[in-house]
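# have a look at this fold, sequence not included:
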């Protein structure tokens, strides 16, 4: 499985993520030429090689009408947008952002990704400032260079096309930051809102390490947040910020292969000896409807020499509470046991094959050095009924095609 791991031990900003992903791309100059030809008004994206704490990496700068946007957050600190703004500085609303994006020479998928990232930021600004999403005016993230950063990350993510994106816990920094609204605590309120339900931490480094743009990009593209998985790394990218700290100010992107993810599952089980077969069957149906991945029974011997049933249910951690409630509701048990297990699964896809007998679906499973295929029961049984032959004969006919 192609896996992208983003190490955000020094936070994340749009330009840093762009630079880290760009280092993973084989033709960086061609990508920059494409970015500069998209039609984002008056922008020119450039790269330079820099060193932080002895580590070589890439820094991305975006010039608007030949000048860098000092008001933007490239160096991890928001400047006050109303102190001597450049003449080309403009605070855009969601409608203006949508208008700009709609005219870019991009696929619809990339355009949707860009707007989805902006919607995360708009929702945060709306909540923090108490205005409707349509009335939100983006300050630092509404500038042309911010649009360029978000566009670049979305485009690179679509080009690299990882199967999963794992992001480390995010270092947000500490202290206070000056922005267009005044002096605010770190993380800035909009950043804190976007990072809800995401593992974050502060520290001794004073400054804003994670910007709203960086937070929104991470939240949108992350499959999950956590530690680096066991992976065979093929390429590494370092995206550098402008400021120098005692630690290397960079986002590190690592692209490689992982084995099919080991699913962390919850196994819930209980013993019953006073339910009819019909009642157990009904309970199993309700559990599957409630999101259980597996439900099965095992005959067991219980106390007082009574024959009983072991009911075992497997579900995701997110479904634990719901499945537990269903077990208590639909069985006679008064106690449930829980175990945390790992489940290994093959990649699965469903292909449709055109045959002389009509369309037949075939489930193909692969991974761990094996490949298996199996025709769907419903299609096999349909052909068997229509032809008046046995199921095995249908399988033989299909294998001969």
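Looks like it arrived, so ask away. This one's a predicted model, so the numbers in the text were calculated from it and none came from an experiment.

# tell me the contacts of residue 292?
By Cβ atoms under 8 Å, 6 or more residues apart in numbering, residue 292 lies in contact with 313, 314, 315, 319, 323. Backbone N, C-alpha and C define where each C-beta goes, glycine included.

# return the member of the residues you listed nearest to residue 279.
If you rank the contacts of residue 292 by distance to residue 279 using Cβ to Cβ, residue 313 comes first, at 15.6 Å.

# any idea of the pLDDT on the closest one?
The model reports residue 313 with a pLDDT of 97.

# you'd agree it is up against residue 265?
No - between residue 313 and residue 265 there is no contact under Cβ atoms under 8 Å: 10.3 Å.

# neighbour-wise, which of the two wins?
Using other Cβ atoms under 10 Å as the criterion, residue 313 and residue 265 rank with residue 313 on top: 25 against 18.

# which strand or helix spans that one?
strand 307-316 (DSSP states H and E).

# so what strands line up beside that strand?
Using DSSP bridges, the strands paired with strand 307-316 are strand 263-272 (antiparallel), strand 294-301 (antiparallel).

# helices of this structure, start to end?
Counting by DSSP state H, one finds helices in the chain at the ranges 14-22, 28-36, 94-102, 108-129, 144-160, 189-194, 212-221, 277-289, 320-330, 377-387, 391-399.

# pull out the buried residues from the fifth one.
Same thing as helix 144-160. Neighbour counts over helix 144-160 (16 or more other Cβ atoms under 10 Å) mark 144-157, 160 as buried.

# for the residues you listed, work out which two are farthest apart.
144 and 160, at 24.3 Å, using Cβ to Cβ across the buried residues of helix 144-160.

# what's the neighbour count on residue 372?
Neighbourhood size, residue 372 [other Cβ under 10 Å]: 11.

# I meant to write residue 351 there.
Residue 351 has 10 nearby residues by other Cβ under 10 Å.

# not counting its neighbours along the chain, what's nearest it?
With sequence-adjacent residues excluded and distances taken as Cβ to Cβ, 6 or more residues apart in numbering, residue 351 is closest to residue 362, at 5.0 Å.

# tell me the bridge partners for that neighbour.
As assigned using DSSP bridges, the partners bridged with residue 362 are residue 351, residue 375.

# kindly report the same for the one 4 residues further on.
On DSSP bridges, the residues paired with residue 366 through beta bridges are residue 347, residue 371.

# surely it and residue 351 touch.
No - if you go by Cβ under 8 Å, residue 366 and residue 351 don't touch, sitting 12.0 Å apart.

# bridge partners for residue 313, pull those for me.
residue 268, residue 295.

# tell me how far it lies from residue 155.
43 Å (Cβ to Cβ, to the nearest Å).

# one more: residue 182?
34 Å.

# going by mean pLDDT, which of the strands paired with strand 307-316 comes out lowest?
Of all the strands paired with strand 307-316, mean pLDDT reaches its minimum on strand 263-272 (a mean of 92).

# identify the residues contacting it?
280, 293, 300, 302, 308-317, 319-320, 323-324, 327, 331-333, 335-345.

# measure the residue nearest to residue 359 when sequence neighbours are not counted to residue 358 for me?
Of all residues beyond its chain neighbours, the one nearest residue 359 is residue 352 (5.4 Å), with distances taken as Cβ to Cβ, 6+ apart. Distance, residue 352 to residue 358, by Cβ to Cβ: 10 Å.

# next one: residue 299
Counting by Cβ to Cβ, the gap from residue 299 to residue 358 is 41 Å.

# which of the two has more neighbours?
Taking other Cβ under 10 Å, residue 299 and residue 358 do not tie; residue 358 has more neighbours (11 against 8).

# can you tell me which residues contact that one?
379, 382, 383.

# okay if I get the residues you listed as CSV plus distance to residue 392?
Formatted as CSV, the contacts of residue 358 follow (distance: Cβ to Cβ, whole Å):
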residue, distance to residue 392
379, 15
382, 15
383, 12
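
# filter those down to the buried ones, ChimeraX style.
A single ChimeraX command selects the buried members of these (16+ other Cβ under 10 Å):
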select :379,383
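
# identify, from the contacts of residue 358, the entry nearest to residue 245.
residue 379 (61.0 Å).

# check that closest one and give its pLDDT.
For residue 379, pLDDT reads 90.

# pretty sure it sits against residue 354.
No - between residue 379 and residue 354 there is no contact under Cβ under 8 Å: 12.0 Å.

# residue ranges with poor pLDDT in the chain?
Residue ranges of the chain with pLDDT under 70: 69-92, 129, 132-142, 180-181, 260-262.

# what's the burial count for residue 328?
With other Cβ under 10 Å as criterion, residue 328 counts 14.

# ok, now which ones touch it?
Applying Cβ under 8 Å, 6+ apart, we find residue 328 in contact with residue 336.

# quick one: it from residue 336, how far?
Taken as Cβ to Cβ, the span from residue 328 to residue 336 is 7 Å.

# swap in residue 23?
50 Å.

# out of these two, which sits in the more crowded spot?
The neighbour count for residue 23 versus residue 336, taken as other Cβ under 10 Å, is higher for residue 23 (20 against 16).

# list the contacts for the more buried one?
57, 58, 235, 236, 237, 238, 239, 253.

# from those, pick the one nearest residue 44.
The closest of the contacts of residue 23 to residue 44 turns out to be residue 58 (Cβ to Cβ; 16.2 Å).

# identify the bridge partners of that closest one.
Going by DSSP bridges, residue 58 forms beta bridges with residue 49, residue 239.

# got a list of what it touches?
Counting by Cβ under 8 Å, 6+ apart, residue 58 touches 19-20, 22-23, 28, 47-50, 237-240.

# cool, residue 295 as well?
Applying Cβ under 8 Å, 6+ apart, the residues near residue 295 are 284, 287, 288, 311, 312, 313, 314.
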